[in-house]
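1. Provided below are the primary sequence and the corresponding predicted coordinates.
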Amino acid sequence: MTFKGDGIIGDYYGTEGIYNAFEKLATIVHRTPCKQSSTLNSISGSKVYLKLENLQKTGSFKVRGAFNKISQLSDEENAKGIIAASAGNHAQGVALACREKGIPVIIFMPETTAQANAMPTRQYGADVRLVGNNFDEAYSASKKHQLLTGATFVHPFDDLAIIEGQATVAMEMLQQCPDLDTIIVPTGGGGLLAGTALAVKLIRPSVRVIGVQAEVTSPIAAIFRDTNLFSNTFLPTMAEGINVRVPGKLPTKIIQAYVDDVITVTEEEIASSILFMLEREKMLVEGAGAAAVAVALHHHLPRTSSSTGVIVSGGNYDIGKLDECLKTATGIVVASSF
């Protein structure tokens, strides 16, 4: 696999990093189920398999990249302490990994962060600083603090070790569901989508990789379609975990080279998908994971897709927002109608 003009990892991507991550994480993270949904099968006309990363440690796939990255840090880097920025799930993954290794960690999170994310992060031992109204503002604050302290920064998505850790989700899926022809991936900063693309195109290149974003905040879709990024809207979304204004440089290069398509779903579709998962699959999932489910639930799959994997990326949903979810889904077919 080659990356034309890639100044970050060279012109060739070696496979060693992904396979090392897969072997290493096999003893650390859960091998989450890849469950077929008979209801989504009927609705979409495709066999649909849900990769349930909402059942992962910390409730999200993010723990994979965090452990993979932190396991590669030197003693000198660890001794400086670790700083991270996160809208929620990366924070928990980093905090847990640091606790396991006895490394002090400060994590900057937006003031809007749900207690479902902030409280567990503190319980894992992190010093949580709530700054700004969104991820980008928390990220800026974390970088300023890093400059002052010299601590080691663990980026949530713009890092090859993080991407390789996230790639293990797709590697498991290809083993669990060998007949897949399409994989749907929610994306914000791009780490999970880039990792999925690397794994799939290395192992089974015929499988389509399709990213999905919230329509109201979709910079990766804009970049992928070569439209004007800065004219793209950036508004609050129920898919808070993928609400990132500026995706990573490295993930973007990989996405442009190896992803087959990036599509968007509406807030109403995300809300109804949260309700669908709660009512029919008996699982409370967050908006980012529901965005991927919405692709199958609301007929956005390619017509030629006969076996589809959907990455349900996390389950850290603020139950206090269920009323808002019900109101947003009003006017669209909701789960109880199926």
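-> Alright, I've got the coordinates.
2. any idea of the pLDDT on the residue lying closest to Glu111 once chain neighbours are set aside?
-> Spatial nearest neighbour of Glu111, excluding adjacent residues (C-beta to C-beta, 6 or more residues apart in numbering): Leu130 at 4.7 Å. From N, CA and C alone the C-beta is placed, and that goes for glycine too. If you check Leu130, the pLDDT there is 96.
3. likewise the one 10 residues further on?
-> Ser140 carries a pLDDT score of 95 in this model.
4. residues near it, how many?
-> 14 (other C-beta atoms under 10 Å).
5. Quickly find the element holding it.
-> Taking DSSP states H and E as the definition, Ser140 sits inside helix 135-149.
6. Return the list of helices and strands in contact with that helix.
-> Taking 3 or more C-beta pairs under 8 Å, 6 or more residues apart in numbering; DSSP states H and E as contact, the helices and strands that helix 135-149 lies on are strand 82-85, strand 105-109, strand 152-153.
7. What's the first helix or strand after the last one?
-> Read that as strand 152-153. helix 160-176.
8. Show me which positions of that following helix end up buried.
-> 160-174, 176 (16 or more other C-beta atoms under 10 Å).
9. Gln115: which of the helices and strands packed on helix 135-149 is closest?
-> Closest approach to Gln115 among those (C-beta to C-beta): strand 105-109, 11.0 Å.
10. C-alpha coordinates for the closest one, CSV please?
-> Provided in CSV are the C-alpha atoms of strand 105-109 (Å, rounded to 0.1, in the frame of the first residue of the first chain):
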residue,chain,number,x,y,z
VAL,A,105,-2.6,12.0,33.3
ILE,A,106,-4.4,15.3,32.7
ILE,A,107,-7.3,15.3,30.3
PHE,A,108,-9.0,18.3,28.9
MET,A,109,-12.7,17.9,28.0
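11. What are the boundaries of the helices in this structure?
-> 16-25, 38-44, 62-70, 75-79, 89-101, 115-123, 135-149, 160-176, 191-203, 219-224, 249-258, 267-279, 287-297, 322-329 (DSSP state H).
12. and Leu235, how many neighbours?
-> Neighbours of Leu235 (other C-beta under 10 Å): 10.
13. Show me what counts as buried in the helix holding Ser140.
-> When neighbours are counted by 16+ other C-beta under 10 Å, the buried residues of helix 135-149 are found to be 135-139, 141-142, 145-146.
14. Closest one to Gln56 out of these, please.
-> Taking C-beta to C-beta as the measure, Gln56 sits nearest to Phe135 out of these, at 20.4 Å.
15. Pull out the buried positions in the lowest-mean-pLDDT helix or strand in the chain.
-> One helix or strand of the chain scores below all others by mean pLDDT, DSSP states H and E: helix 115-123, with a mean of 89. Using 16+ other C-beta under 10 Å as the burial criterion, the residues of helix 115-123 that qualify are 116-118, 120-121.
16. Mind listing residues that contact that helix?
-> Surrounding helix 115-123, the residues in contact under the criterion C-beta atoms under 8 Å, 6 or more residues apart in numbering are 58, 86-89, 91-92, 95, 107, 109, 128, 130, 316-319.
17. Looking at the buried residues of helix 135-149, spot the one nearest Asn78.
-> Sorting the buried residues of helix 135-149 by how near they are to Asn78, with C-beta to C-beta, puts Gln146 at the top with 14.8 Å.
18. which residues does that closest one contact?
-> Contacts for Gln146 were tallied using C-beta under 8 Å, 6+ apart; they are 83, 153.
19. how close does it sit to Ile83?
-> Relative to Ile83, Gln146 is positioned 5 Å away (C-beta to C-beta, to the nearest Å).
20. Then Met171?
-> In this structure, Met171 and Ile83 are separated by 29 Å, where distance is defined by C-beta to C-beta.
21. again, but for His90
-> Using C-beta to C-beta, one gets 12 Å for the distance from His90 to Ile83.
22. who has more neighbours, those two?
-> With neighbours defined as other C-beta under 10 Å, His90 and Ile83 compare such that His90 has more, 30 against 24.
23. ok, that one touching Pro156?
-> Yes - counting by C-beta atoms under 8 Å, a contact exists between His90 and Pro156, whose distance comes to 3.9 Å.
24. what touches both of the two?
-> Here His90 and Pro156 share the contacting residues 62, 65, 84, scored by C-beta under 8 Å, 6+ apart.
25. So this protein: which segments form each domain?
-> Under automatic domain parsing, the residue ranges defining each domain of the chain are 16-61+160-337, 67-153.
26. Done for today, thanks.
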